[in-house]
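> The amino acid sequence is not available; the structure is as follows:
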């Protein structure tokens, strides 16, 4: 909160706008089809080059799981997002990318607030991130024969966008005797749309292969708590 300047609060006495912090507004939006060819590589989504980190929200597919896999930088600029779909599938999603206010809107009338560094904090011509709810989840570890997921319902908001905070990934190994190799499955945590008021958070397969040395463990990887943010459309 700034010592001097403008502060606007809501009816719950929560700060909505001040003259120091830059609000997150939509910087880019659209639709994209994510294709997983089976080699474990993500589909690239080109984003506007900027040193401001992107926040990715999406409406997932009803047919297959999808997830954001990584963020790519070129020098000091974020330039691409790596997106993943289920193994050997294609899934269409719509998305919004939020950033701190980067440039002013084209509106002729309205309110704009800048900080002491002349960076845009608020612009009434922008569309801002509006959070409906936040859910902290702990998913169990998957096995070669067991899917692991949780369903989240939100009856009071229809067709929202979701932000998923997760770097979870595991490699499942299943020893096959004929031929004597380890079958390997790479999995991530992502989202699958159930309905306009429900979403599934769960593990899904992104890679399949094998290793003749049979030197892999049955299961290894990362399985940290997951945070799901539901955003108003």
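The structure has been received and is ready for your questions. Predicted, not measured: the structure shown is a model, and the values here were computed from it.

> In contact with residue 86, which residues?
Residues near residue 86 by CB atoms under 8 Å, 6 or more residues apart in numbering: 36, 64-66, 204-206. Every C-beta, even on glycine, is put in place using the N, C-alpha and C of the backbone.

> between those, which is closest to residue 160?
Taking CB to CB as the measure, residue 66 is the one of those closest to residue 160, at 15.3 Å.

> just checking, that closest one touches residue 190?
Yes. Applying CB atoms under 8 Å as the test, residue 66 and residue 190 come out as touching, 5.4 Å apart.

> and for those two, which residues touch both?
Both residue 66 and residue 190 are contacted by 60, 84, under the criterion CB under 8 Å, 6+ apart.

> Mind naming the longest strand for this protein?
Longest strand of the chain, by residue count under DSSP state E: strand 180-195.

> Give the buried residues for it.
Neighbour-count burial for strand 180-195, counted by 16 or more other CB atoms under 10 Å, picks out 181-182, 185-193.

> quick check, nearest of these to residue 22?
Nearest to residue 22 among the buried residues of strand 180-195: residue 191, at 27.5 Å, using CB to CB.

> got the contact list for the closest one?
Contacts of residue 191 were listed using CB under 8 Å, 6+ apart, and they are 58, 60, 65-67, 162, 164, 199-201, 228.

> Strands - which of the residues you listed land there?
58, 66-67, 162, 164, 199-201, 228.

> closest to residue 104 among the residues you listed?
Among these, residue 58 lies closest to residue 104 (CB to CB), at 26.2 Å.

> what about that closest one, how many residues close to it?
As a burial measure, residue 58 scores 25 neighbours (other CB atoms under 10 Å).

> Look up how far residue 208 lies from it.
Remark: distance between residue 58 and residue 208 (CB to CB, to the nearest Å) = 25 Å.

> Ok, residue 99 next?
Separation of residue 99 from residue 208 (CB to CB) stands at 36 Å.

> one step back: can you list the contacts of residue 86 in TSV and add distance to residue 137 and pLDDT?
Shown next, in TSV, are the contacts of residue 86 (distance: CB to CB, whole Å; pLDDT from 0 to 100):
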residue	distance to residue 137	pLDDT
36	24	96
64	20	97
65	15	98
66	17	98
204	15	95
205	19	92
206	20	94
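
> ok, the nearest residue to residue 222 once chain neighbours are set aside - contacts?
Nearest residue to residue 222, sequence neighbours excluded (CB to CB, 6 or more residues apart in numbering): residue 168, at 5.2 Å. Going by CB under 8 Å, 6+ apart, residue 168 touches 139, 188-189, 203, 221-224, 226.
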